[in-house]
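**Student:** sharing a model prediction with you, sequence too.
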Amino acid sequence: MVLMRSKKFSALLGIAFEGSRMTAVLLRKTGKRMQVREALQTTLSLDPTTNDPELVGREIRDRLSNAGIRQSRCVVCVPLKWALTLRTDLPELSDADTESYLAVQAEREFPFAPEHLSLSVSRYRTPGGTAEATVVAIPVNRLAALQKILKAARLHPVSITLGIASIPQNSTSPQEGEITLLAGQDSLDLAVLFGGGLVALRPLEDISTGGQAAEDIDGDLVTREIRITLGQLPQDLRDAIRTVRVFGPADLVEALRAELHDLCERMGISVEAGEAGSGAEILKPETFGKLTPSAFCGAAGRLLNEASVLEFLPPRSSLFKQITGRVSSRGTFWLGGAAAAIVLLVVVVFFYQHWRLSRLESEWRSIEPRVSEIATLQGKIRQFRPWVDDSVQSLAIVRKITEAFPEDGTVWAKTLEIKVLPDSGQIAVSCSGKAKSNQEWLKVLERLRQTKGIEGLRFQQVRGDAPLQFGLSFTWNARESDGS
């Protein structure tokens, strides 16, 4: 989790991305008054996630300049689709041990190596007093590409967060929670908030009646997703959620609120239209009412000196490191002394290495007979343990399976077993894992069926939903594979 210094600003630019659509809101604070100076929503011709960051940055700079926006300090809100989430209980540990515990949980559950993820944590306590946390991860390469885009656009981010995480909780009671729905032109995100923390985050997909806009959303499907999300929470948390607040462009909010009102009332949950710009002076209300509020909320929270619930801005190097990295006017003198010290150190290290090698050779001669005996035993063990295979054959099998899985992490493997059957000599492979959706799992299954060398493919179990758990097995025919 990134910790940031508290710094006050008088003006900030809020930017929110939703696919190729960008929303920008320029806010200025004078005393206790907040003023929306400029508001812009535009569709970029280049996709920030796939196109060259330099070109995307130039296009963003042109769009902002044409709208009369010159502010460079900004708060950036990224889509929830970029993130992976994990909810876990927190044992009673020190802060340092808790961070280590959360890192281990993330390594176990997320389909990426720890160094490839940027983590942020939201902690809270249930009404029963149980400590829990929601861990949110974004791939580092996406954040790196975003920073290149911002640099090309001559923007300086002071915060990077999720759009739905920028919307503050409205409940004043610590024992009350709420559900936030953030509607975009082609997206709908859900967040469960309690006690100032994020309990659950979900991008809602496949909930449209056939259209592409948010007014085409099927209220029955949204209600079903709300019921599923609440069903995954502890009973005391579930009972504390009694309000749904809907945010987004004014027309979409009203359409969605009317669609959900009666359906949620049956669940004992009220539906309200969220007000993002209340208390602020809006110079162009007709434009502001058509915007997604995450850009405004992100910038407004930072102007009010409130820390983001989730923060993904990488820490900058300290001023001390920047100063020590520069070459001073006396650099030549110090470099000469350092060179002499290095030569002396090399001579000392050489003699020490010679003495150390002589000693190690003597020790090796004394243990060499026992090492040879152990090596012979290991050879015999491998002879009777055919399922341990370190040949290229295993690498070929792993490669074929890896190529069938998608690179975006929507389907990932948890276990993989390769062994040779003693009776027939066939190579049997079994694999288990998880998938974000049944559709992605079926795509992987189809690619495996079309892979040369895979025979007798069958799945042993498929259960659960979001994520779906699966297990499959097959036999490997090296002759039928293409040998790559």
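**Tutor:** Perfect, I can see it now. Bear in mind the structure is a predicted one, so any value in this text is a computation, not a measurement.

**Student:** show me the helices in the stretch 101-250 of the chain, by range?
**Tutor:** Along the stretch 101-250 of the chain, counting by DSSP state H, counting those that start in this stretch, helices occupy 140-152, 219-231, 235-240, 250-265.

**Student:** okay, these in CSV with mean pLDDT and distance to Val271 next?
**Tutor:** For glycine as for every other residue, the C-beta is placed from the backbone atoms N, C-alpha and C. Below are the helices of the stretch 101-250 of the chain laid out as CSV (pLDDT from 0 to 100; distance: least, C-beta to C-beta, whole Å):
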stretch, mean pLDDT, distance to Val271
helix 140-152, 94, 33
helix 219-231, 89, 10
helix 235-240, 89, 17
helix 250-265, 86, 5
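
**Student:** so which of those comes closest to Lys436?
**Tutor:** Among the helices of the stretch 101-250 of the chain, the nearest to Lys436 by C-beta to C-beta is helix 219-231 (14.1 Å).

**Student:** does anything pack onto that closest one? Which helices or strands?
**Tutor:** Packing partners of helix 219-231 (3 or more C-beta pairs under 8 Å, 6 or more residues apart in numbering; DSSP states H and E): strand 177-183, strand 188-194, strand 197-204, helix 250-265.

**Student:** CA atoms only: put the third one into CSV for me.
**Tutor:** This points to strand 197-204. Below are the C-alpha coordinates for strand 197-204, written out as CSV (Å, rounded to 0.1, in the frame of the first residue of the first chain):
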residue,chain,number,x,y,z
GLY,A,197,-13.8,0.7,3.9
LEU,A,198,-14.4,-1.1,0.6
VAL,A,199,-16.0,-4.5,1.3
ALA,A,200,-16.5,-5.7,-2.3
LEU,A,201,-15.8,-4.4,-5.8
ARG,A,202,-17.3,-5.9,-9.0
PRO,A,203,-17.6,-4.7,-12.6
LEU,A,204,-21.1,-5.9,-13.7
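
**Student:** just want the angle from that strand to helix 219-231.
**Tutor:** Going by axes from the mean of the first three to the mean of the last three C-alpha atoms, to 10 degrees, strand 197-204 is angled at 140 degrees with respect to helix 219-231.

**Student:** just checking, what packs against strand 197-204?
**Tutor:** strand 84-89, strand 117-125, strand 131-139, strand 188-194, helix 219-231.

**Student:** return the most buried member of these.
**Tutor:** Most buried of those by mean neighbour count (mean count of other C-beta atoms under 10 Å) is strand 188-194; its value is a mean of 25.

**Student:** that one pairs with which strands, parallel or anti?
**Tutor:** Neighbouring strands of strand 188-194 in its sheet, by DSSP bridges, are strand 177-183 (antiparallel), strand 197-204 (antiparallel).

**Student:** switch these over to a markdown table; also include mean pLDDT and mean neighbour count.
**Tutor:** Putting the strands paired with strand 188-194 into a markdown table (pLDDT from 0 to 100; neighbours: other C-beta atoms under 10 Å) gives the following:
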| stretch | mean pLDDT | mean neighbour count |
| --- | --- | --- |
| strand 177-183 | 90 | 25 |
| strand 197-204 | 90 | 21 |
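
**Student:** make a markdown table out of the ones you listed and add distance to Glu59.
**Tutor:** A markdown table is the format used below for the strands paired with strand 188-194 (distance: least, C-beta to C-beta, whole Å):
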| stretch | distance to Glu59 |
| --- | --- |
| strand 177-183 | 25 |
| strand 197-204 | 25 |
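
**Student:** and the ones you listed: which comes nearest Arg227?
**Tutor:** Once the strands paired with strand 188-194 are compared by C-beta to C-beta, strand 177-183 is nearest, at 11.0 Å.

**Student:** which residues sit against that closest one?
**Tutor:** By C-beta atoms under 8 Å, 6 or more residues apart in numbering, the surrounding residues in contact with strand 177-183 are 163-164, 167, 169-171, 188-195, 199, 214, 217, 222, 226, 229, 237, 240-249, 252-253, 256, 269, 274, 292-294.

**Student:** and the pLDDT for the most centrally placed residue in the chain?
**Tutor:** For the chain, the residue sitting closest to the mean C-alpha position, by C-alpha atoms, centre = their mean, is Ile138 at 2.3 Å. We have a pLDDT of 93 for Ile138.

**Student:** for Leu230, give its distance to Ala83.
**Tutor:** 20 Å (C-beta to C-beta, to the nearest Å).

**Student:** picking up where we left off before, quick one: which of the helices and strands packed on strand 197-204 is nearest Gly336?
**Tutor:** Across the helices and strands packed on strand 197-204, closest to Gly336 is strand 117-125 (C-beta to C-beta), at 42.4 Å.

**Student:** sorry, back to before: the residue nearest to the centre of the chain contacts Leu310, doesn't it?
**Tutor:** No - in this structure Ile138 lies outside contact range of Leu310 using C-beta atoms under 8 Å: 9.2 Å.

**Student:** was I right about Gly453 contacting Val429?
**Tutor:** No - look at Gly453 against Val429 with C-beta under 8 Å: they stay out of range, at 10.1 Å.

**Student:** what do these two both touch?
**Tutor:** In contact with both Gly453 and Val429: Ile397, Trp476, using C-beta under 8 Å, 6+ apart.

**Student:** got the CA coordinates for stretch 464-475 in PDB?
**Tutor:** Extracted as PDB, the C-alpha positions of stretch 464-475 are listed here (Å, rounded to 0.1, in the frame of the first residue of the first chain):
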ATOM      1  CA  GLY A 464     -18.700 -22.200  -8.600                       C
ATOM      2  CA  ASP A 465     -19.200 -18.900 -10.300                       C
ATOM      3  CA  ALA A 466     -17.000 -15.800 -10.500                       C
ATOM      4  CA  PRO A 467     -14.600 -17.400 -10.000                       C
ATOM      5  CA  LEU A 468     -15.400 -20.800 -11.500                       C
ATOM      6  CA  GLN A 469     -13.300 -23.700 -10.300                       C
ATOM      7  CA  PHE A 470     -12.400 -26.400 -12.800                       C
ATOM      8  CA  GLY A 471     -10.300 -29.600 -13.200                       C
ATOM      9  CA  LEU A 472      -9.300 -31.400 -16.400                       C
ATOM     10  CA  SER A 473      -7.100 -34.200 -17.500                       C
ATOM     11  CA  PHE A 474      -5.700 -35.700 -20.800                       C
ATOM     12  CA  THR A 475      -3.000 -37.900 -22.200                       C
END
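
**Student:** next, the buried residues of that stretch.
**Tutor:** Pro467, Leu468, Phe470, Gly471, Leu472, Phe474 (16 or more other C-beta atoms under 10 Å).

**Student:** now intersect those with the strands, please.
**Tutor:** Leu468, Phe470, Gly471, Leu472, Phe474 (DSSP state E).

**Student:** the first one bridge partners, please.
**Tutor:** Applying DSSP bridges to Leu468 gives these bridge partners: Ala435.

**Student:** likewise the last one?
**Tutor:** Beta bridges link Phe474 to Val429 when assigned by DSSP bridges.

**Student:** isn't it up against Leu448?
**Tutor:** Yes - at 7.4 Å, Phe474 and Leu448 qualify as touching, with contact defined as C-beta under 8 Å.

**Student:** quick check: neighbours shared by these two?
**Tutor:** With C-beta under 8 Å, 6+ apart, Phe474 and Leu448 have common neighbours Ile454, Leu457.

**Student:** surely Thr451 touches Ile397?
**Tutor:** No - under the criterion of C-beta under 8 Å, Thr451 is not in contact with Ile397, lying 10.1 Å apart.

**Student:** those two: which is more packed in?
**Tutor:** Neighbour count, other C-beta atoms under 10 Å: between Thr451 and Ile397, Ile397 has more, with 21 against 18.
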